[in-house]
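[1] Fold the following and give me the result.
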Amino acid sequence: VSFNQRRLWFVDRLVPGGCAYVMFVVVRVGGGLDVEGLRGALGVVAGRHAALRTVFSVVAGEPVAVVRPAGSAGVVLEVASGGADAGEVVAGWVRRPFDLGAGPVARGLLVADGGGWLFGLAVHHVAVDGWSMGIVLGEVAECYGALVAGREPVLPVVGVDYPDFAVWQRGELSGGVLAGLAEYWVGELAGAPEVLRLPLDR
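    As a prediction, the model looks like this:
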């Protein structure tokens with residue numbers, strides 16, 4: 001796992017059931033949506049990016065990333081009839097926590113709303129950040145358009161996937177380098193107040 005993934009895993013264990021790290025986007029789409037086409041597009045995108053198929057086992061108290069094979073675990077798409085309560089359905093869905101051990105770490109939602117749909121995509125921050133969430137959404141749109149048109153999606157080659165980066169990061173920031181960084185920050189933070197007295201009325 002990367003250092004960032006370990007931090008987010010730790011926070012999830014410290015405060016289980018939270019939704020602070022659920023990243024989501026909700027958009028309104030027309031009534032002519034091809035539900036199975038969207039489901040297929042989500043599957044294609046999950047197959048391209050290992051982070052969307054990763055769950056976290058625990059070995060000797062430490063998280064270990066387990067990448068599930070493409071096609072076996074991706075983005076689950078739920079379909080619901082919202083009616084007058086479509087907004088409430090979406091809000092409840094967004095607040096639902098992820099299980100980083102069981103997965104999946106991403107989920108989609110379609111809620112019938114009038115003559116159209118509300119489409120939501122939620123991903124735990126352990127798998128995406130704000131920038132990569134935009135990439136995922138763009139690829140979902142391209143794959144959906146390609147599937148319903150009967151053509152191949154036009155997508156960039158995935159050169160370095162997230163597990164590759166995590167291995168590289170652990171290799172670079174280890175041993176003496178990591179010890180040196182820790183020593184630097186211990187020195188920089190020496191004498192810092194133990195308690196931050198922040199105003200809590202806002």
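[2] which residues touch the lowest-mean-pLDDT helix or strand in the chain?
    Counting by mean pLDDT, DSSP states H and E, the weakest-scoring helix or strand in the chain turns out to be strand 76-81, with a mean of 84. Contacts with strand 76-81, where a contact means CB atoms under 8 Å, 6 or more residues apart in numbering, come from 35, 38-39, 42, 89, 93, 104, 106-112. C-beta: built from backbone N, CA, C; applies to glycine.
[3] let's go with 7 Å and repeat that
    Val35, Leu38, Arg39, Leu42, Val89, Pro104, Arg107, Gly108, Leu109, Leu110, Val111, Ala112 (CB atoms under 7 Å, 6 or more residues apart in numbering).
[4] With pLDDT as new columns, can those residues be given to me in JSON lines?
    Output for the contacts of strand 76-81, formatted as JSON lines (pLDDT from 0 to 100):
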{"residue": "Val35", "pLDDT": "92"}
{"residue": "Leu38", "pLDDT": "94"}
{"residue": "Arg39", "pLDDT": "93"}
{"residue": "Leu42", "pLDDT": "95"}
{"residue": "Val89", "pLDDT": "89"}
{"residue": "Pro104", "pLDDT": "92"}
{"residue": "Arg107", "pLDDT": "94"}
{"residue": "Gly108", "pLDDT": "94"}
{"residue": "Leu109", "pLDDT": "93"}
{"residue": "Leu110", "pLDDT": "92"}
{"residue": "Val111", "pLDDT": "91"}
{"residue": "Ala112", "pLDDT": "87"}
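[5] ok, which pair from those residues is furthest apart?
    Comparing all pairs in these by CB to CB, the longest separation belongs to Pro104 and Ala112, at 23.0 Å.
[6] So for those two, which residue has more residues nearby?
    Pro104 (21 against 16; other CB atoms under 10 Å).
[7] SS state for that one?
    Classification of Pro104 by DSSP: H, G, I helix; E, B strand; the rest coil places it in coil.
[8] if we can go back for a sec, buried ones in the next helix-or-strand element following the least confident helix or strand of the chain, by neighbour count?
    Once strand 76-81 ends, the next helix or strand along the chain (criterion: DSSP states H and E) is helix 86-95. For helix 86-95, burial by neighbour count (16 or more other CB atoms under 10 Å) applies to Ala86, Val89, Val90, Trp93.
[9] Distance of the third one relative to Arg13?
    This means Val90. According to CB to CB, to the nearest Å, Val90 and Arg13 sit 27 Å apart.
[10] swap in the first one?
    Distance, Ala86 to Arg13, by CB to CB: 34 Å.
[11] before we move on, the earlier item: starting at the chain centroid, how far to the least confident helix or strand of the chain?
    18 Å (CA atoms, centre = their mean, to the nearest Å).
[12] Would you give the sheet partners of that strand, along with the direction of each?
    strand 106-113 (parallel) (DSSP bridges).
[13] Return the angle between stretch directions for the strand it pairs with and helix 86-95.
    Put simply, strand 106-113 runs at 170 degrees to helix 86-95, going by axes from the mean of the first three to the mean of the last three CA atoms, to 10 degrees.
[14] residues making contact with the helix ranked longest in the chain?
    Among all segments of the chain classified by DSSP state H, the helix with the greatest residue count is helix 130-149. Helix 130-149 is contacted from outside by 23, 25, 34, 37-38, 40-42, 44-45, 48, 121, 123, 128, 152-155, using CB under 7 Å, 6+ apart.
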